[in-house]
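Chemist: Prediction below, plus the sequence it came from.
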Amino acid sequence: MVVIEAKDFAKYYEETCVVNQVNFSIEREEIVGIIGTSGSGKSTILRALSGLDAQYEGQLYQEEQHPSVVFQEARLFPWLTVLDNVLFGLAQTEEMIVRARMYLQKVGIEQAERLFPNELSGGMAQRVAIARALVRKTSVLLLDEPFSALDAFTKMKLQRLLLDLWEAERTTMVLVTHDLEEALYLCDRIIVLHGQPGLVKATITIDVPKPRRRDDVILARYKGKLLKLLQLEEEVE
Ligand SMILES: Nc1ncnc2c1ncn2[C@@H]1O[C@H](COP(=O)(O)OP(=O)(O)OP(=O)(O)O)[C@@H](O)[C@H]1O
């Protein structure tokens, strides 16, 4: 069942078209990646999907009225504790507090609920951001380079965490990333944008069951294909 659909989506700033002729549809429970060269319009598409930007051409259909978004920076309120950050904007009922704690536990950070953001590592802060997104009972999670500011080990841990959360909750996810390994590890399909204005060059289905081995030879072949599509390397035979 389609939960997100873009039809001839395009975005202009003044007279300049930054992304054009974008068509895709996303099924419930899918994890779909959007990758592309810098400036090809990945974040532009995600911003429109999040509802933060309503000034675009074409149509965007979204079943979920309130998708949650996780950005590259955790964007926590520095004057609130971890628990209060997760609860921010929600009715602080006993039930909601229990739910918030449950998500802090799911992202492995329940022991830090009383800490303030300046006491957290980058990885911990991003765990809080994920908990804050999921506690909102959203059926769609939008992720804009969520792990790109983290070191390689933390990044891999959080990618696995995201996959565990997906396995438990089957939240539909749209993941903007410039990390091909991340996209190949997590995504069922990858939309490849290229150029300026950005155009959809291809949509690749990653036909490997999850969870995947990062050193899977089939994934390596997909990576070769993606590099070729992005015109970064000759295709790996
Ligand atoms: N507020 C703005 N005014 C004018 N142009 C903008 C504005 N925001 C973004 N752009 C332009 O739109 C294009 C697409 O930007 P976007 O951030 O969506 O690209 P991206 O693919 O996410 O890039 P990156 O990988 O570098 O983050 C870029 O050329 C950018 O300069």
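Modeler: Okay, I see it.

Chemist: switch to C-alpha atoms for all contacts and neighbour counts from now on
Modeler: OK.

Chemist: Quick check on the residue nearest to residue 212 when sequence neighbours are not counted: phi, psi?
Modeler: By the measure of Cα to Cα, 6 or more residues apart in numbering, the closest residue to residue 212 outside its immediate chain neighbours is residue 185, 6.1 Å from it. Main-chain dihedrals, residue 185, degrees, to the nearest 10: phi -70, psi -40.

Chemist: Run a quick check on residue 185 versus residue 214, I expect a contact.
Modeler: Yes. In this structure residue 185 lies within contact range of residue 214 using Cα atoms under 8 Å: 6.4 Å.

Chemist: More neighbours: which of the two?
Modeler: Legend: neighbour count by other Cα atoms under 10 Å for residue 185 and residue 214, higher for residue 185 (22 against 14).

Chemist: where does the chain dip in pLDDT?
Modeler: Along the chain, the parts satisfying pLDDT under 70 run over 233-237.

Chemist: give me that answer again for 80
Modeler: Applying pLDDT under 80 to the chain flags the ranges 232-237.

Chemist: residue ranges for the helices of this protein, please.
Modeler: Taking DSSP state H, the helices of the chain run over residues 42-50, 82-87, 94-106, 122-134, 152-169, 180-186, 217-229.

Chemist: So which of those is nearest the ligand?
Modeler: The closest of the helices of the chain to the ligand is helix 42-50. By Cα to the nearest ligand atom, the value is 3.6 Å.

Chemist: For the residue nearest in space to the middle of the chain, give its distance to residue 106.
Modeler: Taking Cα atoms, centre = their mean, the centroid of the chain lies closest to residue 143, which sits 2.1 Å from it. Residue 143 is 18 Å from residue 106, where distance means Cα to Cα, to the nearest Å.

Chemist: and residue 157, how many neighbours does it have?
Modeler: By the criterion of other Cα under 10 Å, residue 157 has 12 neighbours.

Chemist: Give me the buried positions along stretch 114-121.
Modeler: 116, 117 (16 or more other Cα atoms under 10 Å).

Chemist: swap in stretch 121-135?
Modeler: For stretch 121-135, the neighbour count (16+ other Cα under 10 Å) marks 122-135 as buried.

Chemist: Kindly reformat the helices of the chain as JSON lines containing distance to residue 203.
Modeler: Listed next are the helices of the chain as JSON lines, based on distance: least, Cα to Cα, whole Å:
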{"stretch": "helix 42-50", "distance to residue 203": "14"}
{"stretch": "helix 82-87", "distance to residue 203": "34"}
{"stretch": "helix 94-106", "distance to residue 203": "32"}
{"stretch": "helix 122-134", "distance to residue 203": "26"}
{"stretch": "helix 152-169", "distance to residue 203": "21"}
{"stretch": "helix 180-186", "distance to residue 203": "12"}
{"stretch": "helix 217-229", "distance to residue 203": "10"}
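
Chemist: which one of those helices lies closest to residue 23?
Modeler: Closest approach to residue 23 among the helices of the chain is made by helix 42-50 (10.9 Å; Cα to Cα).

Chemist: For residue 87, which non-adjacent residue is spatially closest?
Modeler: Nearest residue to residue 87, sequence neighbours excluded (Cα to Cα, 6+ apart): residue 100, at 6.6 Å.

Chemist: and the one you found, how many residues sit next to it?
Modeler: Residue 100 has 26 neighbours, counted by other Cα under 10 Å.

Chemist: Isn't it up against residue 86?
Modeler: Yes. The pair formed by residue 100 and residue 86 meets the contact definition of Cα under 8 Å, at 6.4 Å.

Chemist: hey, what's in contact with both of these two?
Modeler: Common contacts of residue 100 and residue 86, defined by Cα atoms under 8 Å, 6 or more residues apart in numbering, comprise 131, 132, 135.

Chemist: List the contacts of the residue nearest to residue 212.
Modeler: Contact analysis of residue 185 by Cα under 8 Å, 6+ apart lists 210, 211, 212, 213, 214.
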